[in-house]
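Colleague: starting from these lines, generate the structure:
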Amino acid sequence: DCHQYTNRSCEECLKNVTCLWCATSRRCMEYPVRRILPPADLCELSSARWGVCWVNFEALIIAMSVVGGALLIMLGVCCCCCCCKKKSKRQVSGGPDKDDERAAREREKRRVRQEERRAEMKSRHDEIRRKYGTV
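Modeller: Now for the predicted structure:
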């Protein structure tokens, strides 16, 4: 029972994790589990201690908000950096359209070279046929 630690010390009260210490009234009470923060009529946030005596709820809320905000900002910056890198890579490498065009030009060059080789081979074969009279 937390009430037995009222008017004692914060450390004694908070040995039990279900207890909440109110510094202004020096009361030890059950932590209101159904609510995340203790209501103001029970104890002000600046005086409420839970878990450790050196951190009050007000400072805990501010610190967690700052840390959470910093994490969100860092996440946003990382996402922006990744998006910018992808955009710059696309622009430097020419993107998918330029790659497609380059590949099409290469295919066309290979096709033209292959047709030239075929025509050359056909003319050689025709010459051989004429030479040996098989035509």
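Colleague: so Met29 sits in a strand?
Modeller: Yes. Met29: assigned to a strand according to DSSP: H, G, I helix; E, B strand; the rest coil.
Colleague: show me the beta-bridge partners of it.
Modeller: Judged by DSSP bridges, the bridge partners of Met29 are Leu20.
Colleague: quick one, what contacts it?
Modeller: Going by Cβ atoms under 8 Å, 6 or more residues apart in numbering, Met29 touches Cys2, His3, Thr6, Cys19, Leu20, Cys22, Leu42, Cys43. From N, CA and C alone the C-beta is placed, and that goes for glycine too.
Colleague: and those, which of them are in strands?
Modeller: Under the assignment DSSP state E, the contacts of Met29 contribute Cys19, Leu20, Cys22 to strands.
Colleague: ok, of these, which one's closest to Phe57?
Modeller: Leu20 (9.1 Å; Cβ to Cβ).
Colleague: and Val55, what element?
Modeller: strand 52-56 (DSSP states H and E).
Colleague: the helix or strand following that strand packs against which elements?
Modeller: Downstream of strand 52-56, the first helix or strand assigned by DSSP H and E is helix 57-93. When contacts are defined as 3 or more Cβ pairs under 8 Å, 6 or more residues apart in numbering; DSSP states H and E, helix 57-93 sits against strand 48-50.
Colleague: so what touches the strand it packs on?
Modeller: Under Cβ under 8 Å, 6+ apart, the answer for strand 48-50 is Cys10, Leu14, Cys19, Leu20, Trp21, Cys22, Ala23, Tyr31, Pro38, Val55, Asn56, Phe57.
Colleague: show me the domain layout of the protein.
Modeller: 3-56, 94-134 (the TED database).
Colleague: distance from the shortest one to the middle of the chain?
Modeller: How far domain 94-134 lies from its chain's middle: 51 Å, per Cα atoms, centre = their mean, to the nearest Å.
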